[in-house]
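[1] My questions are about this predicted structure, shown below with the sequence.
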Amino acid sequence: MTCSPTRDVLIAFVNLDCKDEGVLESIDSICARVGVELSDTEEEPAEPHWSELDPPTDEATGTKVLRYTWRTGFYVLSIVDAVGEWLAEALGITTPRYQYVINELINMQDEAREEKKAEEEAIAEARRIEAEAAKDLEDAGGTDASSSEGIEAQLEVVESGVYELETDISDALSGGHSASTDA
């Protein structure tokens, strides 16, 4: 039996972020090794069952009974199937045995993404502070070149900015809980 799920269904099942084309290539290569063919679109629906077609006017009584019995059985089976799916979901039978591991992995990935974003923001902030300090030093040097007090004041500003940046980075990496206290 050949299983041919669509790529979108597989991606939704695996819960992947597919903005990266490499993820799709990985899915394709894995499926090729396993022997599963992926289709890009949904397959055409099959023809309706003969019991669902309009009956001819001169249909025999036995065929009519068979047709209506078949339809009734199909609809009863559909209802029982829907109720069974609902019960399985309500009782938790459909959840994977190790769902907590999957949830923890997803949480770890989200936290890693947030930490990376916070680190990038901290680096951007450090560059901004460095650029401001460099500009302030140039301005101080250009207006009062003989004053070492102005340069020392600017260095203190830069050092305090670096200290604040280091504190922000350590807070971001420790999840917002800083081990050090502010001076």
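    Noted; the coordinates are in hand. Numbering: from 1, shown residues only.

[2] Could you identify the helix or strand that succeeds the helix or strand hosting residue 102?
    Using DSSP states H and E, residue 102 sits within helix 99-143. Using DSSP H and E, the helix or strand that follows helix 99-143 in sequence is helix 148-173.

[3] residue ranges with poor pLDDT in this structure?
    Within the chain, the ranges that satisfy pLDDT under 70 run 1-28, 30-45, 141-154, 175-183.

[4] ok so, going back, tilt between the helix holding residue 102 and helix 148-173?
    Helix 99-143 and helix 148-173 are oriented at 170 degrees to each other (axes from the mean of the first three to the mean of the last three Cα atoms, to 10 degrees).

[5] what's helix 99-143 packed up against?
    Contacts defined by 3 or more Cβ pairs under 8 Å, 6 or more residues apart in numbering; DSSP states H and E place helix 99-143 against helix 148-173. Every residue, glycine included, has its C-beta placed from N, CA and C.

[6] Which elements pack onto the helix it packs on?
    Against helix 148-173 (3+ Cβ pairs under 8 Å, 6+ apart) you get helix 99-143.

[7] Can I take it that residue 58 is in a helix?
    No - using DSSP: H, G, I helix; E, B strand; the rest coil, the assignment for residue 58 is coil, not a helix.

[8] Quick check, residue 126 in contact with residue 167.
    No - using Cβ atoms under 8 Å, residue 126 is not in contact with residue 167; the gap is 11.7 Å.

[9] Show me which of those two is the more surrounded one.
    residue 126 (17 against 14; other Cβ atoms under 10 Å).

[10] Spit out the contact partners of the nearest residue to the more buried one once chain neighbours are set aside.
    Distance criterion Cβ to Cβ, 6 or more residues apart in numbering; nearest residue to residue 126, sequence neighbours excluded, is residue 165 at 4.7 Å. Residues near residue 165 by Cβ atoms under 8 Å, 6 or more residues apart in numbering: 122, 125, 126, 129.

[11] my guess is residue 55 is in a helix, correct?
    No - read with three-state DSSP, residue 55 is coil and lies in no helix.

[12] Quick check: phi and psi on it?
    phi -70, psi 150 (degrees, to the nearest 10).

[13] same thing with residue 59?
    Given degrees, to the nearest 10, the pair of backbone angles that residue 59 has is phi -70, psi 140.

[14] Next, count neighbours for the closest residue to it other than its chain neighbours.
    Once flanking residues are discounted, residue 59 sits nearest to residue 67: 7.6 Å by Cβ to Cβ, 6+ apart. Neighbour count of residue 67, defined by other Cβ under 10 Å: 17.
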